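> test case, fold it:
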Amino acid sequence: MDTTEKKQNPFSKKDDLVKKNPHLTTLRSAFSNLPKREKKQLVYLSLAFSAFFLVCFSMPTVVGIARNYTNIQQDPLIGEKQKLDSSLEVFKTLISGAGTLATILGGIFLYLNFGIARKNTELAESRLITERFSKAVEQLGDKERQAVRLGGIYSLERIAKDSLDDRWTVMEVLTSYVRNQSPTNDDDFITGINTEIQAILDVIARRNTDSESNKKAIDLSFTDLSHANLYNAKLNLIYFRGTHFYRSNFIGAELKGIRLIDAQLDESNLSNTKLQAVDLTKASMVSVCLHKSEIDCSIIDNANFRWASFIEAAMRYTFARKADFTKADFTQSFLVGCFFSGANFEGTNFENTDIKGSVFLKAQNLTVEQILKTLNYEEAYYDPDFRELLGLPPDTRTIPETRFCMMFAGF
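Numbering: from 1, shown residues only. Okay, here's the model as predicted:
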């Protein structure tokens, strides 16, 4: 039988105290979130109160000892030895008080020195970051050496990680470089993406928006990013209005809060891509591959999805009004709660597609044969004449457009 006892963690009692008293954690968190000036004022106030209470509590003792000492020294019946002991007692009290006062003053002095040292360190770090930033921008502007430009890009990325205050400035510099070096051309797409532009896209894809208190959207509108490789990229809060992504790779990417209004993504690969709160209004998505992709709470109104492949894809609670799905393939896909009013479905394949709760009012070129190949078509919304052709009874339900509008109130 094992009689070995586990060693008790000496900090377990402290941890239990914190767990039982969540207010301690709240106070500690509140203090850490205070501005530097308020923290300093709070510390000074605490030290002042400590000194005040020390004087108040020690004063009666000092006064009492002084009175006893006076009485002893004046009493002729008390011997010299007792008078000497009384003098030593007073001396000890004075030494103790002086030591306590010196400790308080020493604490204040150390705190002031610590604050000055920390401020000097912050100033030194700020100057260092400024120097690094200037050097990186200079490298980015090098017109002859590509390696130097790439070094400048990655130096700026390191600065953005090291300094939250300079992160947005770094992103503005990088996006400005992309807009200047690769603007859109309405007549043609670029045949290959620039190495530096691809490196900047990689930096943006690695951007961590969770650590940003003031989340801002990056603007890469009207840039030509055709043939970009965004494999497994995580893109959050970016404006791509009018941007060209011809034959780009988005496989496994996560797009959240992205604006792709009037963007060109023809022949791009978006397989296994997750799109959440994405605006694809009037976007060109001709022949895109969306195999096993997920489109949630997005807007694809008036978008062109001709010959697009949605095989085994999932589209949930999305507006697709007047979108063009000519010859698109939705085989074994999942279209739930979507709004397809006025959309064009000429030659669209809906074989084994779940369309539960979706709205097909005023849909163009939609046939009975297409709908009969779907799953749960009885629970979708159609025009009264089309319901009759499907052999369904009149629909007394209210079209849930209000629910959709509420979902997109914060879009």
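> domains of this protein?
Here the domain assignment for the chain is 35-124, 206-407, based on automatic domain parsing.
> of those, which shows the lowest average pLDDT?
Note on these: domain 35-124 shows the lowest mean pLDDT, a mean of 63.
> can you give me the helices in this protein?
Taking DSSP state H as the test, the helices found in the chain are 12-20, 22-32, 36-74, 80-140, 146-162, 167-181, 195-205, 368-372, 384-389, 401-407.
> which strands or helices does the shortest one pack on?
Judged by 3 or more Cβ pairs under 8 Å, 6 or more residues apart in numbering; DSSP states H and E, helix 368-372 is in contact with no other helix or strand. All C-beta spots, glycine's among them, are computed from the backbone N, C-alpha and C.
> go through that helix and flag the buried ones.
For helix 368-372, the neighbour count (16 or more other Cβ atoms under 10 Å) marks 370, 371 as buried.
> restricting to C-alpha, output that helix in CSV.
Extracted C-alpha coordinates of helix 368-372, given in CSV (Å, rounded to 0.1, in the frame of the first residue of the first chain):
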residue,chain,number,x,y,z
VAL,A,368,-40.4,22.5,-61.0
GLU,A,369,-38.0,19.8,-62.1
GLN,A,370,-35.1,21.6,-60.4
ILE,A,371,-37.0,22.0,-57.1
LEU,A,372,-38.2,18.4,-57.0
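> for the nearest residue to residue 174 once chain neighbours are set aside, give me its contacts.
Closest residue in space to residue 174, ignoring its immediate chain neighbours: residue 200 at 4.8 Å, by Cβ to Cβ, 6 or more residues apart in numbering. Contact analysis of residue 200 by Cβ atoms under 8 Å, 6 or more residues apart in numbering lists 153, 174, 175, 177, 178.
> need the pLDDT of the first one.
The reference is to residue 153. pLDDT for residue 153: 95.
> quick one: it and residue 174 touch, right?
Yes - using Cβ atoms under 8 Å, residue 153 makes contact with residue 174 at a distance of 6.9 Å.
> now the two most distant members of the contacts of residue 200.
Using Cβ to Cβ, these span at most 11.9 Å, a distance reached by 153 and 175.
> settle it for me: which of those two has more neighbours?
residue 153 (22 against 19; other Cβ atoms under 10 Å).
> follow-up on the earlier one: quick one: which of the contacts of residue 200 is nearest to residue 141?
Nearest to residue 141 among those, with distances taken as Cβ to Cβ, is residue 177, at 8.7 Å.
> for burial, what's the neighbour tally of the closest one?
Neighbours around residue 177, by other Cβ under 10 Å: 20.
> ditto for residue 144
Counted with other Cβ under 10 Å, residues neighbouring residue 144 total 6.
> got a list of what residue 379 touches?
By Cβ under 8 Å, 6+ apart, the residues touching residue 379 are 356, 357.
> where's it relative to residue 127, distance?
Residue 379 is 65 Å from residue 127, where distance means Cβ to Cβ, to the nearest Å.
> what does residue 265 give?
The gap separating residue 265 from residue 127 is 44 Å, by Cβ to Cβ.
> of these two, who's got more company?
Between residue 265 and residue 127, counting by other Cβ under 10 Å, residue 265 is the more crowded of the two (27 against 10).
> and that one, its phi and psi?
For residue 265, the backbone dihedrals (degrees, to the nearest 10) come out as phi -120, psi 30.
> surely it meets residue 249?
No - assessed by Cβ under 8 Å, residue 265 is found out of contact with residue 249, at 11.1 Å.
> related to what we said a few turns ago, give the residues shared as contacts by residue 153 and residue 174.
200, 203.
> would you turn the contacts of residue 200 into TSV with distance to residue 362?
Below are the contacts of residue 200 laid out as TSV (distance: Cβ to Cβ, whole Å):
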residue	distance to residue 362
153	49
174	45
175	40
177	46
178	41
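> between those, which sits nearest residue 143?
residue 177 (12.6 Å).
> output stretch 282-289 as CSV, restricted to C-alpha atoms.
Extracted in CSV, the C-alpha atoms of stretch 282-289 (Å, rounded to 0.1, in the frame of the first residue of the first chain):
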residue,chain,number,x,y,z
LYS,A,282,-22.2,42.9,-57.3
ALA,A,283,-19.1,40.8,-57.1
SER,A,284,-18.0,38.7,-60.1
MET,A,285,-17.6,35.1,-59.1
VAL,A,286,-17.7,33.4,-62.5
SER,A,287,-16.5,29.8,-62.4
VAL,A,288,-15.3,30.0,-58.8
CYS,A,289,-14.9,26.8,-56.9
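> what's next to it, contact-wise?
Contact with stretch 282-289 is made by 260-271, 300-309, as judged by Cβ under 8 Å, 6+ apart.
> residue contacts, residue 251?
231, 232, 269, 270, 271, 272, 273.
> what's the PyMOL line that selects buried ones from those?
Here is the PyMOL command that selects the buried residues among those (16+ other Cβ under 10 Å):
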select buried, resi 269+270+271+272+273
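> could you redo the contacts of residue 251 as TSV and give each row distance to residue 210?
Formatted as TSV, the contacts of residue 251 follow (distance: Cβ to Cβ, whole Å):
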residue	distance to residue 210
231	22
232	18
269	27
270	24
271	26
272	23
273	21
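> which one among the contacts of residue 251 gets closest to residue 189?
Nearest to residue 189 among the contacts of residue 251 is residue 269, at 15.6 Å by Cβ to Cβ.
> give me the beta-bridge partners of that closest one?
Assessed by DSSP bridges, residue 269 has beta-bridge partners residue 249, residue 289.
> on that earlier part again, just the buried residues out of the contacts of stretch 282-289, in PyMOL syntax.
Buried members of the contacts of stretch 282-289, defined by 16+ other Cβ under 10 Å, are picked up in PyMOL with:
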select buried, resi 260+261+262+263+264+265+266+267+268+269+270+271+300+301+302+303+304+305+306+307+308+309
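> now, the contacts of stretch 282-289 that are in strands?
With strands taken from DSSP state E, there is no overlap with the contacts of stretch 282-289.
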